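Engineer: Provide a 3D model corresponding to the input given below.
(one chain, ligands or ions: 1)
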Amino acid sequence: MATAGKLLCLDDYEAQARELLPLRAWVLISAGADDEVTVNENRRAFQRYWLKPRVLRDVSVRDMSTTVLGEKIDAPICLSPSILHGTAHPDGEIATCKAAAQMSTAMIMSAFSSKSLEEIAAVRPKSIKWQNVYTWRDREVTKDMIARAERAGFKAIVISVDVPVLGMKRRPTKLGGQAMMRTLQKFGNLDKYIGKDLGIGEDVPPELATPCLTSTWKDIAWVKTVTRLPVILKGIMTVEDALLAAEHKVQGIVVSNHGGRQLDGVPASIDVLSDIVDAVGDKLEVYVDSGVRTGTDVLKALALGARAVFIGRPVLYGLACNGKEGVKAVLQILRDELSRAMALTGCSRISDISRDFLSKRDRWSKL
Ligand SMILES: Cc1cc2nc3c(=O)[nH]c(=O)nc-3n(C[C@H](O)[C@H](O)[C@H](O)COP(=O)(O)O)c2cc1C
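Structural biologist: Numbering: from 1, shown residues only. The predicted model follows:
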């Protein structure tokens, strides 16, 4: 696209997407819950960490590759699940998935995707694909979606555990909320379950909706009995729950406040990350999302112990600006920024990055 060269950072993509998207889609994507305190905090929190640059180290070659669940990715920057990629680009999740494949990274596909699992499988993208599921009230639906994901070559099941009810997003609600969702797109992955009791509330068509999910840790144990795939819990924000996740022998957690879209008034994910990493040790892999927008954010998250970061809204902004190429460009910008940040802090490999490179910008800081 003609403007592509002018888009130098993820904030440029956000501004461009805001111009290009219909108002309803923009509001749906950008909104946070309630007063949007947490959504704003997610960005600010990263800025409270300072980097400590080390010099005169050989950083002429930087290797950003790492692994997630044992699979190699070219950089520790992966894609969070978000509903209805078709609202941002007609190719929807097919474009996203191809972008992830071409950038050799991992993507979590939302349960509420525009395209179905089977449509994704049909284009055979080589990306590492994980499927987001909920423990819907009708557990047969969950079981069926897991089986479909296994057949379609997905490599892990990601359960969103932070949605017992939907957060109130006032801006989209003022524009029509549920009616808006219905008119925007169809949920390709859920079509076949119309008439079943999903129990998920406002953002789904009324024929699928009832007030809330009723999942507990017992359901996590149950999911583990119905799949041979690794299970990851997305939406863990406390040491207590991280330890319970480890007890339930899941393979990973995403430390996430859902991009500030669920409980307003929780801290930024980045601020709870290191305590969680320290508590669980190497019992499971710890990833983080919410507010990651720059390569230095990525470096800070890795320094605090994340194995990889995930990005949510920027994927939709990339899609809105230029489809698959837009998502690739967003990932490339973050990679270039991470590579530069590694060089400037004196790190040539991901394993070089540690807490030694950070200090907190507060009154106890030594800086
Ligand atoms: C429009 C939108 C839809 C989302 N849909 C889902 C979803 O279906 N499942 C889920 O677990 N998280 C969902 N999320 C949360 C993201 O996976 C992710 O946690 C969050 O966007 C990360 O924050 P960031 O947008 O600041 O990067 C959604 C986020 C957005 C913006």
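Engineer: going forward, measure contacts and count neighbours with C-alpha atoms only.
Structural biologist: Noted.
Engineer: is stretch 133-153 anywhere near the ligand?
Structural biologist: No - Stretch 133-153 does not reach the ligand (CA under 6 Å from any ligand atom); its nearest approach is 8.0 Å.
Engineer: just the CA atoms of that stretch, as CSV, please.
Structural biologist: Only the C-alpha atoms of stretch 133-153 are listed here, as CSV (Å, rounded to 0.1, in the frame of the first residue of the first chain):
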residue,chain,number,x,y,z
VAL,A,133,-11.4,-22.5,23.4
TYR,A,134,-13.7,-21.7,26.3
THR,A,135,-15.2,-24.3,28.6
TRP,A,136,-18.7,-23.6,27.3
ARG,A,137,-21.7,-24.6,29.3
ASP,A,138,-22.4,-27.4,26.8
ARG,A,139,-19.1,-29.2,27.3
GLU,A,140,-19.7,-31.2,24.2
VAL,A,141,-19.1,-28.0,22.2
THR,A,142,-15.7,-27.6,23.9
LYS,A,143,-14.9,-31.2,23.2
ASP,A,144,-15.9,-30.9,19.6
MET,A,145,-13.9,-27.8,19.0
ILE,A,146,-10.8,-29.4,20.6
ALA,A,147,-11.2,-32.4,18.3
ARG,A,148,-11.6,-30.2,15.3
ALA,A,149,-8.4,-28.3,16.3
GLU,A,150,-6.5,-31.6,16.6
ARG,A,151,-7.7,-32.7,13.2
ALA,A,152,-6.8,-29.4,11.7
GLY,A,153,-3.2,-29.6,12.9
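Engineer: and that stretch, average pLDDT?
Structural biologist: Throughout stretch 133-153, pLDDT has a mean value of 92.
Engineer: quick thing: my sequence starts at 48, can you match it?
Structural biologist: Taking 48 as the first residue, the last one we looked at is stretch 180-200.
Engineer: that one: how far from the chain's middle?
Structural biologist: Its chain's average C-alpha position is 20 Å from that of stretch 180-200, according to CA atoms, centre = their mean, to the nearest Å.
Engineer: go ahead and confirm residue 81 touches residue 215.
Structural biologist: Yes - the criterion here is CA atoms under 8 Å, and residue 81 meets it with residue 215 at 5.8 Å.
Engineer: can you give me the helices for the chain?
Structural biologist: Using DSSP state H, the helices found in the chain span residues 57-67, 70-77, 84-94, 139-149, 164-169, 186-198, 217-221, 224-231, 264-273, 286-294, 316-327, 342-350, 360-392.
Engineer: what residues does the stretch 98-247 of the chain have near the ligand?
Structural biologist: 127, 128, 129, 130, 157, 158, 159, 207.
Engineer: let's go with 8 Å and repeat that
Structural biologist: When proximity is defined by CA under 8 Å from any ligand atom, the stretch 98-247 of the chain lies next to the ligand at 127-131, 156-160, 179-180, 205-209.
Engineer: which of those residues count as buried?
Structural biologist: Using 16 or more other CA atoms under 10 Å as the burial test, those include 127-131, 156-160, 179-180, 205-209 as buried.
Engineer: what residue in the stretch 48-197 of the chain comes nearest to the ligand?
Structural biologist: As assessed by CA to the nearest ligand atom, the ligand sits closest to residue 129 within the stretch 48-197 of the chain, at 3.3 Å.
Engineer: that residue: what's it in contact with?
Structural biologist: 156, 157, 159, 160, 359, 360 (CA atoms under 8 Å, 6 or more residues apart in numbering).
Engineer: so of those, which ones are in strands?
Structural biologist: Using DSSP state E, the subset of the contacts of residue 129 located in strands is residue 156.
Engineer: could I get the contacts of residue 129 as JSON lines with pLDDT?
Structural biologist: Shown next, in JSON lines, are those (pLDDT from 0 to 100):
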{"residue": "156", "pLDDT": "96"}
{"residue": "157", "pLDDT": "94"}
{"residue": "159", "pLDDT": "89"}
{"residue": "160", "pLDDT": "93"}
{"residue": "359", "pLDDT": "98"}
{"residue": "360", "pLDDT": "98"}
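Engineer: report how many residues lie close to the closest residue to residue 339 other than its chain neighbours.
Structural biologist: Spatial nearest neighbour of residue 339, excluding adjacent residues (CA to CA, 6 or more residues apart in numbering): residue 358 at 6.2 Å. Using other CA atoms under 10 Å, residue 358 has 23 neighbouring residues.
Engineer: please look at residue 358 and residue 127 and confirm they touch.
Structural biologist: Yes - at 5.3 Å, residue 358 and residue 127 qualify as touching, with contact defined as CA under 8 Å.
Engineer: mutual contacts of the two, please.
Structural biologist: Common contacts of residue 358 and residue 127, defined by CA under 8 Å, 6+ apart, comprise residue 336.
Engineer: and the closest residue to residue 373 other than its chain neighbours, what does it touch?
Structural biologist: Among residues not flanking residue 373 along the chain, residue 365 sits closest, at 4.1 Å (CA to CA, 6+ apart). The contact partners of residue 365, taken as CA under 8 Å, 6+ apart, are 60, 64, 371, 372, 373, 374, 375, 376, 377.
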